[in-house]
Every structure is written in structure tokens, then in C-alpha cells.
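A.B. asks: Please find the sequence and the predicted model below.
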Amino acid sequence: MEEKLAILTDAAKYDVACTSSGVDRKGEKGKLGNSVAAGICHSFAADGRCISLLKILMTNECAFDCKYCHNRASNDIPRATFTPEEVCTLTMEFYRRNYIEGLFLSSGVRGTPTETMMQMFQALYLLRVKYGFRGYIHVKGVPGADPQVIREIGYLADRMSVNLELPTADGLRKLAPHKTRRTILTPIRQIQQGIAEERLRVGIGAKMERAWGVKTLPGGIFSEGNSQIDEKTAEQISWLGAGEAGSDNTGRSPLIKETEKSLISGVSAGGLVPWAEKRGLSYVPAGQSTQMIIGATNETDYQIMRVTESLYRQFDLKRVFFSGYIPINEDSELPGLDTPVPLLREHRLYQADWLLRYYGFRADELLSEERPDFNVLVDPKCDWALRHLEQFPVEVNRADYAILLRVPGIGVKSARRIVEARRFGRLDFPDLKRIGVVLKRAAYFLTCNGRQMYPIAIEEDVLTRCLTADEGKKCWEVEHPDSYRQLTLFDDMNMVMMPTVEDGRKTVFGQL
Ligand code: SF4
């Protein structure tokens, strides 16, 4: 089991779409665990990777041969497969000992996608029903799996995600020949529809609720009347176009019926869905996310941002994750083995994603075909401001909330506080500092009572120099994450210390 665990946790480390949030579930007598909406991933590595879930693959045996993947069929690596019972044992034992706060379960494709998902379904079913596990579960959807198993597993998991893998259809064809946009988008659409139906059923309404309570900004991607993409976008990212959807929930395959029969003794003949609905279980209550690899193919930031924006608008995703390409395989279609992982670019894309979701920006405003990549030396909001200097400086005592939000160094909270504070008097730079505005960026773009903080020319070159001087150290830290690493269940840094008797007791009683 330990050997399997070593292989299958290592194989899962490349998946970054594993943060959790959005589910409130209280403990219940006779069952184990709970989950809180604020999220359980309170620990992150410096590069944003989450470290508090048991993150494993069901199997790293894979019939597919995605060129970028460590687990691809053509790689000669140690292989292992968990049984559903083993996944349950590990999850329950680690949870009891406080090593983990939930499970992230992904898998290679062993046999067919449906057979693979059935194994994952069995593991989740046993965890929830036999072992009464009420902690957080994030499960991956395997493209190409039977819609019925995707539907049923959604009642057992909190979050689901199906990886988009690569931003464009060309990239997918080149590097993941066994996957198609159709097999990837079909389950994404199906999960979206299931979540929408669930919201209607419980009366929340089909529109995505922003967990952070940020007001939807005019023109932003979540604003009213903006749920459809315009023609230009549809054409540019046509591989996300309509017509993929249409979950086929009718009829259950014999394999699923068979598995249900042998597995679910307490479930009625109608299958898991009515059973789950009767018990008030929600469908994918923490929403769905996806992930794409950045830097394996030559898409621009502009293309990536447009795809991201469309995923939020068309598929109602909770998060889109970016994973900087890690060169592990030698292949003529891939960047060389000495290519550095584009960590700074990945970091900038996450910042830009934030601008799309919470600051009312659109991909078209941030980048364009003429200028398709971010300047990685400054954050994307500064980059945008430097290219729109005609809109600055902004007078802090007069500007609208939406305008304030666009000023580098002013976040959602500080913009709100400024608007509140202005009702009681005029603000000056020391007030802004107290409010929480990051003046080392904002100072160049603001005036207070008509005065700038520094008498400096508002010109792109001058401001770029000032801003990059501040960002230099941060950029270096993002690009050199050697001092930070993802936590591992194994001591691969030779830090073994003999456990004391006290440690032994604590372990037995789950106090570590
Ligand atoms: S399907 Fe592709 S990405 Fe997933 S494990 Fe198999 S080879 Fe890797």
C-alpha cells in the first residue's frame, strides 16, 4: 500500500486544479468529518499549489498517450492501481489523524474511460455510504466516460473538474491525440447543466452566485446580459463553440446497472440519482473547475485569456487553473527538456484571471492581437494601466467605484472603503494608506485633491521603470521557488527523526 501511495501521490502532483471552497456540511452522529464553505485549503505552496488534500490517482496505468504527461502509455515508469477499498482506507485513516482535510481523486485511463470512472465511483460511494465520510471530495471527470456515471458521481463529490488540457484545438490534436474537444466539453457541459438544475431545484436560480459577494460590475463577465459571447469571440475560440453540450442522461449502460446492483444494496432500483435527491444530497455543490497547460504549445496570453473568459461565461466554471508546462518527456512536438517552467507567466495569468472575475475587466481590454502577451515584469493591472495612460491620473475624491477598481494598488476592499470614507470628508494619501491602498503602485496613478504624491511625468517609460523596480524581487521569488515545495507524505529530504513515545500516543489518538 505504501509503495502504491508513493507512486500514485507522485503521479498526481502535476494536477493543480485542486483548491476547494463553497461547501458547508456539518458533522453528523455516526459519520466522520465536515466541510466549511470558506474552503479548507488554508495552506498553499508559494507557487499557488494546494497542499492539504490527499491528492492521489486511482491508477497511473493509462491507455492514452498524451505527449506532455508523465503517466502516458509509452513511458516506462512504475505503475500502480488502488482498489476502491484502499482509497477509502487511506482517506479515512489520514483524515482521522488530521493529515488531510479531504480527498482529491484523479486517474489515468485504465481500460475505457467509463470503466475508470466506475472505479472512482465505487471508491466515492463506499466512502460516503459505507464509511459515512462527510469531508470534502474533489473528483476528476474522465473525458469520454458514460454520461450516467458522470451524473451519479456528481452526487457523491463536492467539486468536479474535467481538464481542458490545452487552450486550443490545434494544441490538443498535436499533444493529446486520444482526446477531442467534444469528449472534453461534453462532460463539462453536462456538469454545468446538472448544477443549474440543482440550483433551480433548491431555488437559488441558475445564475452563478459569486461567493465573495463582489458586486457584478457593468460590462464584467458576470454582468447581466453578458452570458452570451459575441460573434468575434465565438469565431476566435471556435473550439469552445456551441453544440458540444447535450448530456445524454437517458438510459443507463449495462455496466453501470451491474455495478450499482453489486455495490449499492441500499439504493432503490431507480439508481443513485433519485436515491441522492431523496436524501437531499446536492449535485456538485462546490461547482466545477478546469485546468490547462501553459507553455507546451505556443498560444499567446491573449488566446489563453479569451478561452478563460469564454469558459467562465459559457460553462459557468468556478475556477480556471493554469499549469506551467513542466518538461518531463522528450518529444519533437514538445519544448526541450531544459525549458524552464513558465512560473512567472503562470502567476501573471492567475492575476489576470482575478481581473476577469472580480474587477470587471474583459480579455479584450487586457490584451489584443497587436499586443498579445503580458509584460511579465509588472502585474497585469499595471500592464493595462501603462497602456491606457490617457485614463490617468484618477482623482480619488471623485472617481466612481468601477474606475477606482481599475487603479493598480486598489483592491476590491480598499475601493469600497474609499467610497464609504468619502462620505465623511476629503481623502489624502495618508488616509489611503490607512485604508489599505498599496501606495507603491497606486501613487503613480492617483491624485488627491488635485495633487500627485510624487511630481512625476505620467509617461509609459518613466512609470514602467518605477513599477519594475518594485516588482523585481517578487518576480525573482516566483521564478525561483527552490525554497518552497509542495508538501509530500514521504520524507524525501532525509529529515527523519525517531518518533518519541509521546508522538506514538498522539498518532494513535489522532492529535498530530
Ligand atoms: S489521459 Fe493523458 S493526461 Fe491523463 S493520465 Fe493518461 S496520458 Fe496522462
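C.D. replies: Done, it's in.

A.B. asks: Give me the neighbour count for Arg426.
C.D. replies: Arg426 has 12 neighbours, counted by other C-beta atoms under 10 Å. No exception for glycine: its C-beta is placed from N, CA and C like everyone else's.

A.B. asks: what's the answer for Thr290, then?
C.D. replies: Using other C-beta under 10 Å, Thr290 is surrounded by 22 other residues.

A.B. asks: Quick check: beta-bridge partners of it?
C.D. replies: In this structure, Thr290 bridges to Val320 when assessed by DSSP bridges.

A.B. asks: got the contact list for it?
C.D. replies: Thr290 is in contact with 17, 161-164, 188, 311, 317, 319-321, counting by C-beta atoms under 8 Å, 6 or more residues apart in numbering.

A.B. asks: how about a cut-off of 10 Å?
C.D. replies: Thr290 makes contact with 17, 141, 160-165, 184, 188, 308, 311, 315, 317-321, according to C-beta atoms under 10 Å, 6 or more residues apart in numbering.

A.B. asks: for Ile7, same thing?
C.D. replies: Counting by C-beta under 10 Å, 6+ apart, Ile7 touches 56-57, 59-60, 71, 77-82.

A.B. asks: For PyMOL, write the selection for the buried entries among these.
C.D. replies: Buried members of the contacts of Ile7, defined by 16 or more other C-beta atoms under 10 Å, are picked up in PyMOL with:
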select buried, resi 56+57+59+60+71+79+80+81+82
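
A.B. asks: tell me the strands in the protein, going along the chain?
C.D. replies: 54-57, 102-106, 136-140, 159-161, 288-294, 319-324, 394-395, 446-447 (DSSP state E).

A.B. asks: want to try JSON lines for the ones you listed, with distance to the ligand as columns?
C.D. replies: Compiled in JSON lines, the strands of the chain are given as follows (distance: least, C-beta to the nearest ligand atom, whole Å):
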{"stretch": "strand 54-57", "distance to the ligand": "8"}
{"stretch": "strand 102-106", "distance to the ligand": "8"}
{"stretch": "strand 136-140", "distance to the ligand": "9"}
{"stretch": "strand 159-161", "distance to the ligand": "13"}
{"stretch": "strand 288-294", "distance to the ligand": "9"}
{"stretch": "strand 319-324", "distance to the ligand": "11"}
{"stretch": "strand 394-395", "distance to the ligand": "46"}
{"stretch": "strand 446-447", "distance to the ligand": "47"}
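
A.B. asks: Nearest to Pro372 among those would be which one?
C.D. replies: With C-beta to C-beta, the closest approach to Pro372 among the strands of the chain belongs to strand 288-294: 13.9 Å.

A.B. asks: Name the nearest residue to the residue of the stretch 101-250 of the chain found nearest the ligand, sequence neighbours excluded.
C.D. replies: Relative to the ligand, the nearest point of the stretch 101-250 of the chain is Gly108 (3.8 Å; C-beta to the nearest ligand atom). Once flanking residues are discounted, Gly108 sits nearest to Cys62: 3.2 Å by C-beta to C-beta, 6 or more residues apart in numbering.

A.B. asks: got any ranges where this structure has weak pLDDT?
C.D. replies: Across the chain, the ranges flagged by pLDDT under 70 are 16-26, 33-51, 203-271, 278-279, 470-500, 502-512.

A.B. asks: Write out the residues of it neighbouring the ligand.
C.D. replies: 62, 64-66, 69, 71-72, 108-109 (C-beta under 6 Å from any ligand atom).

A.B. asks: can you list the domains in the chain?
C.D. replies: Here the domain assignment for the chain is 2-290, 391-479, based on automatic domain parsing.
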